[in-house]
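Trainee: predicted model and sequence follow; I will ask about them next.
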Amino acid sequence: MSASLAAAAGLVGSFRRGGAIYRRGTYRMDLTNSHSDFFVKNLVAIRAEIRELLAVFKPKGFASVTNLA
């Protein structure tokens with residue numbers, strides 16, 4: 001399997017039995033209205049980040065799905 005998925009693709013599988021999710025730290029969220037003319041137009045730019053890792057213990061328990069769009 002690949003370390004990444006293409007656009008319009010997904011991952012299905014037995015997540016509880018075949019893998020584990022590890023999170024480093026907490027999520028980070030930034031909000032601003034100071035970009036270009038966002039203040040005048042009453043707009044807010046939002047950026048959210050989270051650092052996670054999916055450890056796969058049983059690769060046969062997962063499959064990729066394509067053409068989801």
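Mentor: Arrived safely, thanks for sending.
Trainee: sec struct for the spatially most distant residue from the centre of the chain, please.
Mentor: Largest separation from the mean C-alpha position in the chain: Val40, at 31.5 Å (Cα atoms, centre = their mean). Under DSSP: H, G, I helix; E, B strand; the rest coil, the three-state class of Val40 is helix.
Trainee: identify the residue nearest the geometric centre of this structure.
Mentor: Short answer for the chain (Cα atoms, centre = their mean): Ile50, at 7.8 Å.
Trainee: quick one: contacts for that residue?
Mentor: Shown in contact with Ile50 (Cβ atoms under 8 Å, 6 or more residues apart in numbering): Arg23, Thr26, Tyr27, Arg28. C-betas here are computed from N, CA, C, even on glycine.
Trainee: rebuild the residues you listed as CSV, extending it with secondary structure, neighbour count and distance to Leu5.
Mentor: Putting the contacts of Ile50 into CSV (DSSP: H, G, I helix; E, B strand; the rest coil; neighbours: other Cβ atoms under 10 Å; distance: Cβ to Cβ, whole Å) gives the following:
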residue, secondary structure, neighbour count, distance to Leu5
Arg23, strand, 10, 19
Thr26, coil, 8, 25
Tyr27, coil, 10, 21
Arg28, strand, 10, 23
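Trainee: how about a markdown table for these, with pLDDT added?
Mentor: As requested, those are exported to a markdown table (pLDDT from 0 to 100):
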| residue | pLDDT |
| --- | --- |
| Arg23 | 93 |
| Thr26 | 91 |
| Tyr27 | 92 |
| Arg28 | 95 |
